[in-house]
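K.L.:
Next come a sequence and a model predicted from it.
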Amino acid sequence: MNVLLIIPCLVIFWLAFDFYIKNKSKSKNDPKGPIALPIIGHLHLLGDKPHLSLTRLSQQYGGIFKIWIGDHYTIIVTCPDLMKKIFIKHSESFLNRPHPKSFGIYSNNFIGLAFVDKDDWKVTRKLVATAFTKTKIKTTSDILDNQIKLLIDEMNSFEKSNEIFYPNRSLRKFATNIILKMVFSKEISANENENEGILSKFIEAIQLAVNKLGSGNPEDVISFFSYFSFYSNIKFKKQVDEIRSFLKDIYDQHVETLNPENPRDLFDQMIICSQGKDVDTIIQVGMDFLMAGSDTVSATLEWIMIYMINYPNEQEIAYNELINLVNEKQSKQITLDDRSKTPYLNAIIKEVLRMKTTAPLSVPRQCSEDITIDDYFIPKGTRVIQNIYGLGNSELYVGPDYKEFRPTRFMGKDGASDIDKLVGSQYFGIGPRSCIGESLGVFELFLASSNILLNFQLSSCDGKLIDDTEIFGITIHPKTPLKICLKSRNEK
Ligand code: HEM
């Protein structure tokens, strides 16, 4: 047969076979799902905002449904009951993460905390949790108070010189400095421009890693494309290796100067707890903290600012709550002890997290054995996506006004409201593998937003509403770089 004829025949056979495999039932108890195309599966349905597309699909196919993301059979879970059954009750079967190429490059072949598999994860998570608990609360709150002060000082200098304030840079510096201080006792100094200096280079590399991991690379989901990503992966590996070698130097300095009686930071605590054995793991955990703990917090703070500008009445209610509190306690800085006294601000933060869920599809998991949950069969190897965004943005779970920004939905008469109990606890994931930095993240969001709103009235520079379109990634970001005008709330 003519070679020119064989090739198209093979391609047609391959497409037909792939179509058959993707649409063949795995059991009679499969979740429902749309028809899959060969090779791409359902990638064409996801578009550039997969959290919105998957939420629309969940309205059509239900709180659990199946799709193919390229080569990977995946279930999307939006129903809160099923989320609890999967991630809490049957958590043992869902502790693994998928292994796309970019996760492997970033995590030094799946070590550390964020991308490691079940058995090693249990050991590392215990090590990190123990080290975290031993890090004194006083030290953490001192770091937070100090970074808040620096942030407010920086904003004051913009306000005094009537300059437009671009929050992204300052908020990233704020959130990154907290992790740098807590984990390594390092920081970007107040006068160091984050576009210069060694730490800045390092932050840029972390940012590139976040982008690479979050962009849903075709080569990560369709194995055929991995042949085309050879050079881009070499470049990515080089960047990641630079971060790793930078952290190795910090690790070595820590070992040389370690005083077991007086640990300075999380690195010291981890070195002590692991008796200096797990060098590579500890360095990777440091990277995981920087990647997971800075971008998430700074992006959420940007969204809080956008909503406060677009909803000035809500901004005024929050300000009044804060100024009354400050007048009562005769102190100008809001601290962690005040959190229980600001129910309105707390509700605003939760409402922003609901509407602009920072990690809208969490971080994917992978099923480690065949399992049936509520009559749904989930085979070993299935990727599982927790649709946190969809849960908080559907009429079924939130009510008919789910498109409205209404913080009071999170305020019950005597504590948490029903919606708070259903949705409020999900933003950081649920179950044993949920976010290890949840408390720290919540503290940072509270301290930064309360002190910013107490000190400044925020508004858009052209008097128009700020564009709240998002760019999708592991974390979502405002599409248009945020710029705002500040007016001091302190009488001059
Ligand atoms: C607004 C702030 C934050 C949000 C919304 C957030 C959200 C999340 C989510 C959804 C996950 C995935 C959980 C899962 O698989 O079920 C996660 C994991 C993780 N987060 Fe956060 N996070 C935040 C802040 C932080 C901070 C401040 C840190 C650092 C101290 C941190 C460190 C981590 C780590 C290391 C993981 C991986 C945990 C593991 O696999 O065991 N996060 N986060």
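P.N.:
Perfect, thanks for sending it. Keep in mind it's a predicted model, so treat the numbers as computed, not measured.

K.L.:
For the rest of this, base every contact and every neighbour count on C-alpha atoms.
P.N.:
Will do.

K.L.:
I figured residue 186 hits residue 180, correct?
P.N.:
Yes - assessed by CA atoms under 8 Å, residue 186 is found in contact with residue 180 at 5.1 Å.

K.L.:
So for these two, which sits in the more crowded spot?
P.N.:
residue 180 (20 against 15; other CA atoms under 10 Å).

K.L.:
Give the helix, strand or coil label for that one.
P.N.:
Three-state call for residue 180 (DSSP: H, G, I helix; E, B strand; the rest coil): helix.

K.L.:
Return the residues of the stretch 151-300 of the chain in contact with the ligand.
P.N.:
288-289, 292-293, 296-297, 300 (CA under 6 Å from any ligand atom).

K.L.:
Name the member of these with the most neighbours.
P.N.:
The residue in these with the most neighbours, by other CA under 10 Å, is residue 300 (26 neighbours).

K.L.:
Name the next helix or strand following the helix or strand of the chain with the lowest mean pLDDT along the chain.
P.N.:
Using mean pLDDT, DSSP states H and E, the weakest-scoring helix or strand in the chain turns out to be helix 197-214, at a mean of 67. Going down the chain from helix 197-214, the next helix or strand is helix 218-221, by DSSP states H and E.

K.L.:
Which strands or helices does that next one pack on?
P.N.:
Here helix 218-221 touches helix 101-106, going by 3 or more CA pairs under 8 Å, 6 or more residues apart in numbering; DSSP states H and E.

K.L.:
same question for the helix it packs on, mean pLDDT?
P.N.:
The pLDDT scores in helix 101-106 average 87.

K.L.:
Kindly report the same for stretch 80-91.
P.N.:
Stretch 80-91 comes out at a mean pLDDT of 97.

K.L.:
Run the chain-centre distance for it.
P.N.:
Distance of stretch 80-91 from its chain centroid, counting by CA atoms, centre = their mean, to the nearest Å, is 20 Å.

K.L.:
For it, buried residues please.
P.N.:
By neighbour count with 16 or more other CA atoms under 10 Å, stretch 80-91 contains the buried residues 80, 82-83, 86-88, 91.

K.L.:
Can you tell me which of those residues is nearest the ligand?
P.N.:
Using CA to the nearest ligand atom, residue 87 comes nearest to the ligand of the buried residues of stretch 80-91, at 7.5 Å.

K.L.:
And the longest helix anywhere in the chain, how far out from the chain middle?
P.N.:
The helix that spans the most residues within the chain, counting by DSSP state H, is helix 279-310. Offset of helix 279-310 from its chain centre (CA atoms, centre = their mean): 7 Å.

K.L.:
dump the residue contacts of residue 277.
P.N.:
Contact analysis of residue 277 by CA atoms under 8 Å, 6 or more residues apart in numbering lists residue 271.

K.L.:
where's residue 172, which helix or strand?
P.N.:
helix 167-179.

K.L.:
Tell me the helices and strands packed up against that helix.
P.N.:
helix 137-160, helix 279-310.

K.L.:
Out of those, which one sits most buried?
P.N.:
Compared across the helices and strands packed on helix 167-179, helix 279-310 shows the largest average neighbour count, a mean of 22 (mean count of other CA atoms under 10 Å).

K.L.:
Next, the angle from it to helix 167-179.
P.N.:
Angle, helix 279-310 to helix 167-179, by axes from the mean of the first three to the mean of the last three CA atoms, to 10 degrees: 140 degrees.

K.L.:
Give the next helix or strand downstream of helix 279-310.
P.N.:
Moving toward the C-terminus from helix 279-310, the next helix or strand (DSSP H and E) is helix 312-329.

K.L.:
Any chance you could list what contacts the following helix or strand past that following helix?
P.N.:
Sequence order places helix 343-355 as the next helix or strand after helix 312-329, per DSSP H and E. For helix 343-355, contacts defined as CA under 8 Å, 6+ apart pick out 300, 303-304, 307, 317-318, 321, 339, 389, 392-393, 403, 405-411, 423-424, 427, 445-446, 450.

K.L.:
Buried only: go through these for me.
P.N.:
300, 303-304, 307, 318, 321, 389, 392-393, 405, 407-411, 423-424, 427, 445-446, 450.

K.L.:
Among the residues you listed, which lie within helices?
P.N.:
300, 303-304, 307, 318, 321, 389, 392, 445-446, 450.

K.L.:
out of the residues you listed, what pair is the most spread apart?
P.N.:
321 and 389 (28.6 Å; CA to CA).

K.L.:
want to try TSV for the ones in helices among the buried ones among the contacts of helix 343-355, with pLDDT as columns?
P.N.:
Below are those laid out as TSV (pLDDT from 0 to 100):
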residue	pLDDT
300	98
303	98
304	98
307	98
318	98
321	97
389	97
392	96
445	97
446	97
450	98
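
K.L.:
Can you tell me which of those is nearest the ligand?
P.N.:
residue 300 (5.8 Å).

K.L.:
and that closest one, what does it touch?
P.N.:
352-353, 358, 445.

K.L.:
Tell me how far it lies from residue 348.
P.N.:
12 Å (CA to CA, to the nearest Å).

K.L.:
now do residue 314
P.N.:
Going from residue 314 to residue 348 by CA to CA gives 8 Å.

K.L.:
Pick out whichever of those two has more residues nearby.
P.N.:
For residue 314 versus residue 348, neighbours defined as other CA under 10 Å are more numerous around residue 348 (25 against 19).

K.L.:
For the more buried one, give its distance to the ligand.
P.N.:
Per CA to the nearest ligand atom, to the nearest Å, residue 348 is found 14 Å from the ligand.

K.L.:
How about residue 480?
P.N.:
Distance of residue 480 to the ligand, given as CA to the nearest ligand atom: 20 Å.

K.L.:
Could you measure from the closest residue to that residue other than its chain neighbours over to residue 483?
P.N.:
Nearest non-adjacent residue to residue 480, counting by CA to CA, 6 or more residues apart in numbering: residue 467, 6.8 Å away. Using CA to CA, we find residue 467 at a distance of 11 Å from residue 483.
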